[in-house]
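*Asks:* My questions concern the predicted model and sequence given below.
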Amino acid sequence: VAIFFVLMGFVGLMEGMQIALFAVVNLPKKELARHPAAAKNCDLTFKGINLQAFLIGRQILVTVCMFVVAKLTTLDVATGAGDNIFGVSDGLQEFFNTGLLGAVITTIVASLAWRIVASSFPVAFLSNPAIHLIIRLCLVLEKCGICSSSWILSRYHKIA
């Protein structure tokens, strides 16, 4: 259960970071300078090709976390034995067994809610000290080469 909530929070921070970064891109420098942690995070992210690298690393991390959360939320309860969760009908238990309920909860709790907060308060969101660590982690993940094929695809797409 603890792993589930940690991953939900981690995914939420990464989802919100993307929204908050795009929200502050046109913010006046004076406004951003009043919030040193957010300014430091923006300077790191918008330097050179770091924004693209961050987005690629972030997407890989979100995908991995979502697969782990999906595995944690998928049920495998045999129907027809009368041991359904919460005493629900066999049809509803079959739905629970598909993992779709976990996907819906994950989408709402780990994605949409954090995006709404980040779009409403982007500077405050980027002032979170954990954001800097997550940006660094995303950049390291992209730098290690596991995502290199995405650069080839983006160059081809840019030419086409």
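*Replies:* Now that the structure is in, tell me what you want to look at.
*Asks:* Spatially nearest residue to E31, not counting backbone neighbours?
*Replies:* Residue nearest to E31 in three dimensions, not counting chain neighbours: V123, with 7.4 Å by CB to CB, 6 or more residues apart in numbering. Where you see a C-beta, it was placed from the backbone N, CA and C, and this is true even at glycine.
*Asks:* can you give me the helices in the protein?
*Replies:* Counting by DSSP state H, the chain has these helices, from start to end: 2-24, 29-33, 36-45, 50-73, 90-98, 100-107, 113-120, 122-126, 129-143, 148-159.
*Asks:* Relative to G80, which of those is closest?
*Replies:* With CB to CB as the criterion, G80 lies closest to helix 90-98 of the helices of the chain, at 5.9 Å.
*Asks:* That closest one to helix 100-107, inter-axis angle?
*Replies:* Between helix 90-98 and helix 100-107, the angle comes out at 50 degrees (axes from the mean of the first three to the mean of the last three CA atoms, to 10 degrees).
*Asks:* Residues in contact with helix 90-98: which ones?
*Replies:* 74-77, 79-80, 84-85, 88, 101 (CB atoms under 8 Å, 6 or more residues apart in numbering).
*Asks:* Stretch 136-147 now?
*Replies:* Residues from elsewhere that reach stretch 136-147 (CB under 8 Å, 6+ apart): 14, 44, 50, 53-54, 56-58, 60-61.
*Asks:* Return the set of buried residues in that stretch.
*Replies:* Going by neighbour count (16 or more other CB atoms under 10 Å), the buried part of stretch 136-147 is 137-139, 141-142, 147.
*Asks:* For it, give the mean pLDDT please.
*Replies:* Per-residue pLDDT over stretch 136-147 has a mean of 88.
*Asks:* mind starting the numbering at 41 from now?
*Replies:* Shifting the count to begin at 41 puts that one at stretch 176-187.
*Asks:* Give me the distance from that stretch to the chain's centre.
*Replies:* Relative to the mean C-alpha coordinate of its chain, stretch 176-187 is positioned 15 Å out (CA atoms, centre = their mean, to the nearest Å).
*Asks:* For that stretch, C-alpha coordinates in PDB please.
*Replies:* These are the backbone C-alpha positions of stretch 176-187, laid out as PDB (Å, rounded to 0.1, in the frame of the first residue of the first chain):
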ATOM      1  CA  ARG A 176      17.800  15.800 -12.300                       C
ATOM      2  CA  LEU A 177      16.500  12.200 -12.300                       C
ATOM      3  CA  CYS A 178      14.700  12.700 -15.600                       C
ATOM      4  CA  LEU A 179      17.800  14.300 -17.200                       C
ATOM      5  CA  VAL A 180      20.100  11.500 -15.900                       C
ATOM      6  CA  LEU A 181      17.600   8.900 -17.300                       C
ATOM      7  CA  GLU A 182      17.600  10.500 -20.700                       C
ATOM      8  CA  LYS A 183      21.400  11.000 -20.600                       C
ATOM      9  CA  CYS A 184      22.100   7.300 -20.000                       C
ATOM     10  CA  GLY A 185      21.000   6.500 -23.500                       C
ATOM     11  CA  ILE A 186      17.900   4.400 -22.800                       C
ATOM     12  CA  CYS A 187      15.800   7.000 -24.600                       C
END
